[in-house]
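Undergrad: this is the structure alone, sequence omitted:
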């Protein structure tokens, strides 16, 4: 059997799966791994034992690092901890800095990885996953099984790669009869695959894991064992695939050394002119999807990508640029809001205080520049001062979040007293939706209130979701029932008036931003008392429609959420919002990530993700 797996953006790997698996048989030639003393008892990894070739330290960002320099096969074993059980994930970052072994693929010298064993004394290895490099920038991965003798069951063959380190993850999903391997290089190499099926007896025998070093110098960072493994839901699987599609098209490099590809007007390209660094708000849309999936799964690789891209941003943009509302990087209140929200989700996931400070600076400057008393108050959309707009919701949500984090009353006052209350007074429509824009003559589009459609609308789905989130937050902050009722009213209005006639949300006005706050909508609004199941189903139906109908064959996501994804019959593509633009694809994928978040939070109370 051959599985084809994507490598980077254009290449594919052929993984050979060799043979079936016999029942476990530990013969007299079973290798015996010696056990030494506990290593690094202060690292939080007590219960790991090793041979003398191993040592541990905490010198790399205060994270556990194990090192081995050995001329033979040596294993550090996880012991004195609960057995792995019926589902688990074992993960570690592996670097092989020097090898002493041969280059033959069938020889395991010069390789390192993970061993899975039966809990004998000492442990008896059953399955090993090995990485083996060569001096010619080639490597291979093999998964090996021992019945009467060791034999490979999955081998990549020699693959070219410039990666110096790999994140290696092996998972037994609940109820699965195979193991799932995921390999991600620090320069962008990645693939996933399942092993052939193992018998229940084989799987049940695996209770202990270890790290292998064989004939070389090895570094293992951040070993992690999660048991039981989280149960991936239907929408989590969809979101993982969709986010992987985004990374394939819009990420360069590995999870620690890479970044979102710079884009201008949404398109990656080497010749970006004055936007050579890339637009900030465009990349923010992809970061929203990454962070929402990270909050759902706890996947550390997603966190590392968020951190890596933020490190790039800090290097390329000055403090003044990051805060310059009304300047070329944040020319309008919506850009300022999306970017401040990006800083805040970076702060939420990484704890970087610099991100919080830049959010405070940008929001204060947005208020200083655009907030005045004309038209009753609130923020102008941009420096032209022609309209005030629902698009200020990004600024308002960011300001309220800063107030929650810091207690600074000035952020709450300007967000709620000066802007939220204005939107509630001036933009609220009789049907419960909100007008998108307000000029000197009142709501823009008041003469055509039903003009709500794909690729054009007098309302704005993303802004309506944001208003619902503001209602929900104020309800939880104050306990005032009026805010909860407003949130339910907004959910009803979206259900009744921002739907596509097939049960999904209507991507009405802005295919680049309608999905911005979908995660918070799922988490904060769809969990409120008074929210009906039909409100949650609208999100589920939309996510399913996107996955099946709005994905192009090469993994971009269009703005017509029930399809077509692209082409002359797609209103959004013909209107200038193409799936090949980072904002269109990322905003759309964020809807799927939000459905995964809702599904995870509601399981096991219900099974709304099933078809």
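TA: All right, it came through fine. Values in this document were obtained by computation on a predicted structure and should not be read as measured data. Numbers count the residues shown, from 1 in each chain.

Undergrad: so residue 465 touches residue 491, yeah?
TA: No. Counting by CB atoms under 8 Å, residue 491 is not a contact partner of residue 465; they are 9.3 Å apart. Just so you know, the C-beta spots here come from the backbone N, C-alpha and C atoms, and that holds for glycine as well.

Undergrad: any common contacting residues for the two?
TA: Common neighbours of residue 465 and residue 491, using CB atoms under 8 Å, 6 or more residues apart in numbering, are residue 525.

Undergrad: low-confidence regions, this structure specifically.
TA: Applying pLDDT under 70 to the chain flags the ranges 1-51, 56-63, 79-81, 101-106, 135-136, 270-271, 273-275, 603-611.

Undergrad: centre-most residue in it?
TA: residue 290 (2.6 Å; CA atoms, centre = their mean).

Undergrad: quick one, what contacts it?
TA: Residue 290 touches 243, 302, 305-306, counting by CB under 8 Å, 6+ apart.

Undergrad: what is the nearest of the residues you listed to residue 450?
TA: Distance ranking of the contacts of residue 290 against residue 450, using CB to CB, places residue 243 first at 35.8 Å.

Undergrad: residue 589 against residue 241, yeah?
TA: No. Applying CB under 8 Å as the test, residue 589 and residue 241 come out as separate, 9.6 Å apart.

Undergrad: ok, these two, which is more surrounded?
TA: Taking neighbours as other CB atoms under 10 Å, residue 589 and residue 241 compare with residue 589 leading, 33 against 14.

Undergrad: can you give me the buried ones in the helix or strand harbouring that one?
TA: Here residue 589 sits within helix 582-602, counting by DSSP states H and E. For helix 582-602, a neighbour-count test (16 or more other CB atoms under 10 Å) marks 582-600, 602 as buried.

Undergrad: how far off centre is that helix?
TA: Helix 582-602 sits 10 Å away from the centroid of its parent chain (CA atoms, centre = their mean, to the nearest Å).

Undergrad: other SSEs contacting it?
TA: Using 3 or more CB pairs under 8 Å, 6 or more residues apart in numbering; DSSP states H and E, the elements in contact with helix 582-602 are helix 234-250, helix 280-297, helix 518-520, helix 533-549.

Undergrad: try 10 Å this time
TA: helix 234-250, helix 280-297, helix 518-520, helix 533-549, helix 571-574 (3 or more CB pairs under 10 Å, 6 or more residues apart in numbering; DSSP states H and E).

Undergrad: tilt between the longest one and helix 582-602?
TA: Angular relation of helix 280-297 and helix 582-602 on a 0 to 180 degree scale: 20 degrees, by axes from the mean of the first three to the mean of the last three CA atoms, to 10 degrees.

Undergrad: show me what secondary structure element comes after helix 280-297.
TA: Counting by DSSP H and E, the next helix or strand C-terminal to helix 280-297 is helix 300-316.

Undergrad: now the angle between helix 234-250 and that following helix, please.
TA: Counting by the same axes, to 10 degrees, helix 300-316 lies at 40 degrees to helix 234-250.

Undergrad: quick revisit: and the helices and strands packed on helix 582-602, which is most packed in?
TA: Compared across the helices and strands packed on helix 582-602, helix 518-520 shows the largest average neighbour count, a mean of 27 (mean count of other CB atoms under 10 Å).

Undergrad: which elements pack onto that one?
TA: helix 280-297, helix 333-350, helix 461-478, helix 533-549, helix 582-602.

Undergrad: out of those helices, flag the one nearest residue 496.
TA: helix 533-549 (10.2 Å).

Undergrad: and stretch 400-407, how far out from the chain middle?
TA: In terms of CA atoms, centre = their mean, the centre of stretch 400-407 is set 24 Å apart from its chain centre.

Undergrad: tell me which residues of that stretch come out buried.
TA: Along stretch 400-407, these residues count as buried under the neighbour rule (16+ other CB under 10 Å): 400-403.

Undergrad: closest one of those to residue 438?
TA: Of all these, residue 438 sits closest to residue 400, with 20.9 Å by CB to CB.

Undergrad: ok, and the closest non-adjacent residue to that closest one?
TA: Nearest non-adjacent residue to residue 400, counting by CB to CB, 6 or more residues apart in numbering: residue 415, 4.8 Å away.

Undergrad: number of residues surrounding the one you found?
TA: Using other CB under 10 Å, residue 415 is surrounded by 24 other residues.

Undergrad: show me what contacts it?
TA: Contacts of residue 415 were listed using CB atoms under 10 Å, 6 or more residues apart in numbering, and they are 363, 367, 392, 395-403, 421, 470.

Undergrad: pipe those residues into TSV and attach secondary structure and distance to residue 235 per row.
TA: As requested, the contacts of residue 415 are exported to TSV (DSSP: H, G, I helix; E, B strand; the rest coil; distance: CB to CB, whole Å):
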residue	secondary structure	distance to residue 235
363	helix	32
367	helix	37
392	helix	31
395	helix	30
396	helix	29
397	helix	24
398	helix	27
399	helix	31
400	helix	28
401	helix	25
402	helix	31
403	helix	32
421	helix	36
470	helix	25
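
Undergrad: which of those are buried? Put it as a ChimeraX command.
TA: Buried members of the contacts of residue 415, defined by 16+ other CB under 10 Å, are picked up in ChimeraX with:
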select :363,367,392,395,396,397,398,399,400,401,402,403,470
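
Undergrad: from the contacts of residue 415, which single one is nearest residue 162?
TA: Nearest member of the contacts of residue 415 to residue 162, counting by CB to CB, is residue 398, at 38.8 Å.

Undergrad: I'd say the closest one and residue 355 touch.
TA: No. In this structure residue 398 lies outside contact range of residue 355 using CB atoms under 10 Å: 11.6 Å.

Undergrad: what touches both of the two?
TA: 340, 342-344.

Undergrad: neighbours around the residue nearest to residue 395 when sequence neighbours are not counted, how many?
TA: Once flanking residues are discounted, residue 395 sits nearest to residue 337: 4.2 Å by CB to CB, 6+ apart. Applying other CB under 10 Å, we find 30 residues neighbouring residue 337.

Undergrad: thought residue 337 was touching residue 381?
TA: No. Under the criterion of CB under 10 Å, residue 337 is not in contact with residue 381, lying 11.0 Å apart.

Undergrad: let me see the contact set for the residue nearest to residue 395.
TA: 281, 284, 325, 330, 362-363, 366, 379, 391-399, 466, 513, 516.

Undergrad: please, which helix or strand holds residue 128?
TA: Applying DSSP H and E, one finds residue 128 within strand 124-133.

Undergrad: buried residues in that strand?
TA: Across strand 124-133, burial judged by 16+ other CB under 10 Å covers 124-133.

Undergrad: would CSV of the residues you listed with distance to residue 264 be doable?
TA: As requested, these are exported to CSV (distance: CB to CB, whole Å):
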residue, distance to residue 264
124, 57
125, 52
126, 52
127, 48
128, 47
129, 41
130, 43
131, 38
132, 42
133, 38
